[in-house]
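Asker: Starting from these lines, generate the structure:
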Amino acid sequence: MLTVVDFHPLAAYCAAYARWRTAEEALTEMAKRDPVLSGLMIRTRAGSPIQNPLVATAAKAASDMVRYAAEFGLTPSARARIAAGPFGGPGGQDKFSGLLAS
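Answerer: Numbering: from 1, shown residues only. Predicted coordinates:
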């Protein structure tokens, strides 16, 4: 369940996803023209080979996505930390059950 306080982290996840997807699509297009290195390396104006900046952009965006996804319980390790099942005593009720919104 998402609440108002989840809006900004969810927006950050969406922005990271858009950045990752854009970088990956650009790399895919570059790979079509560069079957040997798949666009992972480029040449500077001086002619020196360097890592394509899109590779770092995609990697950072993917890392951000995983971090945000963990906040929403969307990774295997985050799901393992989520408590499931009934709380407290009989009928799954405890003295704090009325404090949480259903």
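
Asker: Count the neighbours of Thr22 for me.
Answerer: Thr22 has 14 neighbours, counted by other Cβ atoms under 10 Å. Yep, even glycine has a C-beta here, placed from its N, CA and C like the rest.

Asker: What mean pLDDT does the helix or strand it falls within get?
Answerer: In the assignment (DSSP states H and E), Thr22 maps to helix 7-33. For helix 7-33, mean pLDDT rounds to 95.

Asker: what does stretch 73-86 give?
Answerer: Average pLDDT, stretch 73-86: 72.

Asker: Show me what it is in contact with.
Answerer: 66, 69-72, 92 (Cβ atoms under 8 Å, 6 or more residues apart in numbering).

Asker: can you redo these as JSON lines with secondary structure, distance to Leu27 and neighbour count?
Answerer: Below are these laid out as JSON lines (DSSP: H, G, I helix; E, B strand; the rest coil; distance: Cβ to Cβ, whole Å; neighbours: other Cβ atoms under 10 Å):
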{"residue": "Val66", "secondary structure": "helix", "distance to Leu27": "19", "neighbour count": "14"}
{"residue": "Ala69", "secondary structure": "helix", "distance to Leu27": "22", "neighbour count": "15"}
{"residue": "Ala70", "secondary structure": "helix", "distance to Leu27": "25", "neighbour count": "15"}
{"residue": "Glu71", "secondary structure": "helix", "distance to Leu27": "27", "neighbour count": "14"}
{"residue": "Phe72", "secondary structure": "coil", "distance to Leu27": "27", "neighbour count": "13"}
{"residue": "Gly92", "secondary structure": "helix", "distance to Leu27": "50", "neighbour count": "10"}
